[in-house]
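[1] Provided below for reference: sequence and predicted model.
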Number of protein chains: 2
Amino acid sequence: MAKVDTSLVAHLPLFAGVTPDALDEILREARSARYPKNSAIFEQGADAQSFFLLLHGHVRAAKTTPTGEQIVVRYVSPGETFGLAMAIGAARYPATAMAVDDSVALIWPTSAWPRLVERFPALAANTLQTVGTRLQESHTRILEMSTQQVEQRVAHALLRLAKQSGRKLDHGIEIDFPISRQDIAQMTGTTLHTVSRILSGWESQGLVESGRQRIILRDPHRIVVLAERNADSGAT
Amino acid sequence: MAKVDTSLVAHLPLFAGVTPDALDEILREARSARYPKNSAIFEQGADAQSFFLLLHGHVRAAKTTPTGEQIVVRYVSPGETFGLAMAIGAARYPATAMAVDDSVALIWPTSAWPRLVERFPALAANTLQTVGTRLQESHTRILEMSTQQVEQRVAHALLRLAKQSGRKLDHGIEIDFPISRQDIAQMTGTTLHTVSRILSGWESQGLVESGRQRIILRDPHRIVVLAERNADSGAT
DNA sequence: CAGGTAGTTTGCGATAGCGCAAAACGGACC
DNA sequence: GGTCCGTTTTGCGCTATCGCAAACTACCTG
């Protein structure tokens, strides 16, 4: 089993308060794997045999309804964990994970979790923190879906993506993994048609520049204004 | 400080794997308080000085936008914790908690949490479990808001309330705390008007019986059917 | 028991956004 | 360099749901 370089992960929130020796021991239980762009990492409903720490790339977690509609739960960035079904005592994955870019992740067998937590209680505390934060974000998303119009929700979604995975350009911020209109629709609870219309509108105003699975925020500041504007304070 | 009866709480998930002695020690750090119906327990944005375990009654957690709109995050039932801001490392409460019925809760100072977790790691693991479950539920709610029509969402919401806090009647299930049309609207991302129309419709079909802050599911089974029917499989 | 307040019902327009359809576009692969 | 497939754009009609307004009703209070 290839040795994982501790220095790459030691600073992550997951390992806060874990001694180097302990970290070494934790990493010895992991293996790493490479996932090519567009490959599935696990499927919703499958046995949760592993949990993951993303090292490189980007992963999309999506939930599917019985009728086949999907929503994007989140995009995972390097340094974040995913597939933590055991954290909620679930035997099966509640969502599907797919690499949207060539990606590399550390993988632990789910069965190792109870033992690791027992030996290193900080792991549970740290994981609680990140899961709690995600719960928060989830509630914010529900609030937005309940109270805002589609345009504002799309604005918020893009700003969040830019913050989380934005690559700074000379003039603007580019979301640095491939993302389609459909993906954005699935993050905001709308349709790809509506997203397309909105982006077209923004493009003609110089707010964004976008193409096939590619979005650049050309004027983040004005997008922030859009995002915060409440529904009725609009055009004259 | 009044002694809390351990036998009342020993079986709760929060204390799974905690020895009676340890439980005793944990409870010694808590006090209990009574909250009359419609009184605020804490306000969104206030310093998170305490966390809570509900013993009796029902508590509504709601989040408010800058513009004053509200959503109901959840209803807390006896045996559940709330106000766990520290779990996510937040210094302020992210929502407002209000007793919807005369309620009693155990209260720990937030400052006690790190010490308790250190002495009793099972607390962190157990809390992780419940927070994880809530995250799951949150995602389900987002999925519903994204893919279902208002009527289905209301059906799901009522069924969930009935399961969580339903009182079985001779013929039907009554939600056993006061809940308004507005509350249901805030759980499902719609308006009280639309909820009222939907309930009126259901009432005329004998699905529910309802009045001022009171709802009885008279025919849960048919409501399940409504909830699961997808949008286009409707009337002829 | 009268009056007031908070919750509920209902009608009636207005509209944001959906759903369908078709065309344009851009890459990737042969 | 041509072909093919997935993505994006755009038009157009439709409708679920909102928003406002007004009337109604149940309960609480004095």
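    In hand now; what should we look at? In this text, all values refer to a predicted model and were calculated from it rather than measured experimentally. Numbering: from 1, shown residues only, chains lettered A, B, ... in the order given.

[2] Show residues contacting stretch A:112-120.
    Here stretch A:112-120 makes contact (C-beta atoms under 8 Å, 6 or more residues apart in numbering or on different chains) with A:18, A:22, A:25-26, A:29, A:51, A:86-87, A:108, A:123-124, B:121, B:125. To be clear about C-beta, it is placed using only N, CA and C from the backbone, and glycine gets the same treatment.

[3] mind redoing it with 10 Å?
    For stretch A:112-120, contacts defined as C-beta atoms under 10 Å, 6 or more residues apart in numbering or on different chains pick out A:15, A:17-19, A:22-23, A:25-26, A:29-30, A:50-51, A:84-87, A:108, A:123-127, B:121-122, B:124-125, B:128.

[4] Buried residues in it, which are they?
    A:113, A:116-117, A:120 (16 or more other C-beta atoms under 10 Å in any protein chain shown).

[5] Go through those and flag which are in helices.
    Among the buried residues of stretch A:112-120, the members falling in helices are A:113, A:116-117 (criterion: DSSP state H).

[6] Whichever helix or strand A:His139 is part of versus helix A:112-119: what angle between them?
    When elements are assigned from DSSP states H and E, A:His139 belongs to helix A:121-147. Going by axes from the mean of the first three to the mean of the last three C-alpha atoms, to 10 degrees, helix A:121-147 is angled at 120 degrees with respect to helix A:112-119.

[7] Can you name the next helix or strand after helix A:121-147?
    The helix or strand immediately downstream of helix A:121-147 is helix A:150-165, counting by DSSP H and E.

[8] Quick one: distance of the helix or strand that that next one is followed by to the chain centre.
    Next helix or strand after helix A:150-165 toward the C-terminus (DSSP H and E): strand A:166-169. Relative to its chain's centre, strand A:166-169 lies at 17 Å (C-alpha atoms, centre = their mean, to the nearest Å).

[9] just the helices in chain A please.
    In chain A, the segments counted as helices under DSSP H are A:6-9, A:20-28, A:112-119, A:121-147, A:150-165, A:181-188, A:192-204, A:220-228.

[10] The last one - what's its average pLDDT?
    In other words, helix A:220-228. What helix A:220-228 shows for mean pLDDT is 95.

[11] and that helix, does that touch DNA strand C?
    No. Judged by C-beta under 7 Å from any atom of the strand, helix A:220-228 stays clear of DNA strand C, getting no closer than 12.1 Å.

[12] who touches that helix?
    Helix A:220-228 has contacts (C-beta under 10 Å, 6+ apart) with A:144, A:148, A:151-160, A:162-163, A:166, A:172-173, A:198, A:202, A:205-208, A:217, A:219, A:234, B:66.

[13] swap the cut-off to 8 Å and go again
    Here helix A:220-228 has contacts from A:151-152, A:155-156, A:158-159, A:162, A:172-173, A:202, A:207-208, A:217, using C-beta under 8 Å, 6+ apart.

[14] Report the two of these separated the most.
    A:Gln152 and A:Gly172 (20.3 Å; C-beta to C-beta).

[15] If you count neighbours, what's buried in stretch A:45-58?
    Neighbour counts over stretch A:45-58 (16+ other C-beta under 10 Å) mark A:48-58 as buried.

[16] so which of the helices of chain A gets nearest B:Val76?
    With C-beta to C-beta as the yardstick, what comes closest out of the helices of chain A is helix A:121-147 (14.3 Å).

[17] In the closest one, which residues are buried?
    The neighbour-count check on helix A:121-147 (16+ other C-beta under 10 Å) flags A:121-136, A:138-139, A:141-147 as buried.

[18] Tell me which residues touch the closest residue to A:Ala124 other than its chain neighbours, please.
    Nearest residue to A:Ala124, sequence neighbours excluded (C-beta to C-beta, 6 or more residues apart in numbering or on different chains): B:Ala124, at 4.2 Å. The contact partners of B:Ala124, by C-beta under 8 Å, 6+ apart, come to A:121, A:124-125, A:128, B:117.

[19] Turn these into a markdown table, including pLDDT and distance to DNA strand C.
    Output for the contacts of B:Ala124, formatted as a markdown table (pLDDT from 0 to 100; distance: C-beta to the nearest atom of the strand, whole Å):
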| residue | pLDDT | distance to DNA strand C |
| --- | --- | --- |
| A:Pro121 | 93 | 45 |
| A:Ala124 | 94 | 39 |
| A:Ala125 | 93 | 40 |
| A:Leu128 | 95 | 35 |
| B:Val117 | 94 | 39 |
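
[20] now these in TSV, with distance to B:Asp101?
    Output for the contacts of B:Ala124, formatted as TSV (distance: C-beta to C-beta, whole Å):
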residue	distance to B:Asp101
A:Pro121	37
A:Ala124	33
A:Ala125	33
A:Leu128	29
B:Val117	31
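
[21] Pick the one among those closest to B:Gln44.
    Closest approach between the contacts of B:Ala124 and B:Gln44, by C-beta to C-beta: A:Leu128, at 21.4 Å.

[22] and the closest residue to A:Pro109 other than its chain neighbours, what does it touch?
    Nearest in space to A:Pro109, with sequence neighbours left out and distances taken as C-beta to C-beta, 6+ apart, is A:Ser50 at 5.8 Å. Applying C-beta under 8 Å, 6+ apart, we find A:Ser50 in contact with A:42, A:83, A:107-110.

[23] Could you double-check that A:Ile179 lies in contact with A:Arg212?
    No. Using C-beta atoms under 8 Å, A:Ile179 makes no contact with A:Arg212, being 10.4 Å away.

[24] These two: which is more packed in?
    Taking other C-beta atoms under 10 Å in any protein chain shown, A:Ile179 and A:Arg212 do not tie; A:Ile179 has more neighbours (23 against 7).

[25] pLDDT score assigned to the more buried one?
    Note on A:Ile179: pLDDT of 97.

[26] Also the one 5 residues further on?
    According to the model's per-residue confidence, A:Ile184 sits at a pLDDT of 98.

[27] Next, count neighbours for the closest residue to it other than its chain neighbours.
    Of all residues not flanking A:Ile184 in the chain, A:Val195 sits nearest, at 4.9 Å (C-beta to C-beta, 6+ apart). When neighbours are defined as other C-beta under 10 Å, A:Val195 has 24 of them.

[28] need the contact list for A:Val195.
    Listed by C-beta under 8 Å, 6+ apart, the contact set of A:Val195 reads A:154, A:181-182, A:184-185, A:188.

[29] ok, A:Thr64 - how many residues close by?
    Number of residues near A:Thr64 (other C-beta under 10 Å) recorded here: 16.

[30] Please list the residues of chain A that sit near DNA strand C.
    Close to DNA strand C, as judged by C-beta under 7 Å from any atom of the strand, chain A has residues A:149-151, A:189-191, A:193-194, A:211-212.
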